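Visitor: sequence first, then the predicted structure, then my questions.
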Amino acid sequence: NGHFKDMSRRSYDPERGALTASDMNAGIMEDQNNERISELSEQVARLKGLTIDIGNEVREQNSLLDQMQDGFSSTGDMLKGSLKRIGSMLDAGGPKAMMLMVGCIVFVIIVLYWLMKS
């Protein structure tokens, strides 16, 4: 059962020739406490492993989010530049350029619709 496994470290009463009841109780309680400490240290080790794994996962996710943010920023910058160029082109070309632009956009939408449908 494990409660009496190390009786040599208990105090010995030379007058009685045996361990006292309080010494035996103290020994049993010490053994139970040692078992519980061992269980707790195993649980702490498992929790430490989990927290390390969670920390690693968080670092990976943050890195991925940073990469996505950089990608979105560069895409936004490209869109701003494209819109500026389109605006200056439309200003320079007048209504004829506007109609050509709208026609191209409608054509692209129709082609995309046709490709997705088939």
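Guide: Arrived safely, thanks for sending.
Visitor: state the distance from Met101 to Glu60.
Guide: Separation of Met101 from Glu60 (Cβ to Cβ, to the nearest Å): 44 Å. Just so you know, the C-beta spots here come from the backbone N, C-alpha and C atoms, and that holds for glycine as well.
Visitor: more crowded one of the two?
Guide: In this view Met101 and Glu60 are compared by other Cβ atoms under 10 Å, and Met101 has more residues nearby, 14 against 10.
Visitor: secondary structure element holding that one?
Guide: Following DSSP states H and E, one finds Met101 within helix 21-117.
Visitor: now that helix: how far from the chain's centre is it?
Guide: The chain centre lies 10 Å from the centre of helix 21-117; the measure is Cα atoms, centre = their mean, to the nearest Å.
Visitor: and it, what's its mean pLDDT?
Guide: Averaging pLDDT along helix 21-117 gives 90.
Visitor: please renumber so the chain begins at 43
Guide: Noted, 43 is the first residue going forward, which turns the last one into helix 63-159.
Visitor: so which elements touch that helix?
Guide: Judged by 3 or more Cβ pairs under 8 Å, 6 or more residues apart in numbering; DSSP states H and E, helix 63-159 has no packing partners among the helices and strands.
Visitor: ok, Asn98 to Asn104 distance?
Guide: Between Asn98 and Asn104 the computed distance is 11 Å (Cβ to Cβ).
Visitor: contacts for stretch 134-142?
Guide: When contacts are defined by Cβ atoms under 8 Å, 6 or more residues apart in numbering, stretch 134-142 is touched by residues Met131, Leu132.
Visitor: what's around Gly69, how many residues?
Guide: For Gly69, using other Cβ under 10 Å, the count is 19.
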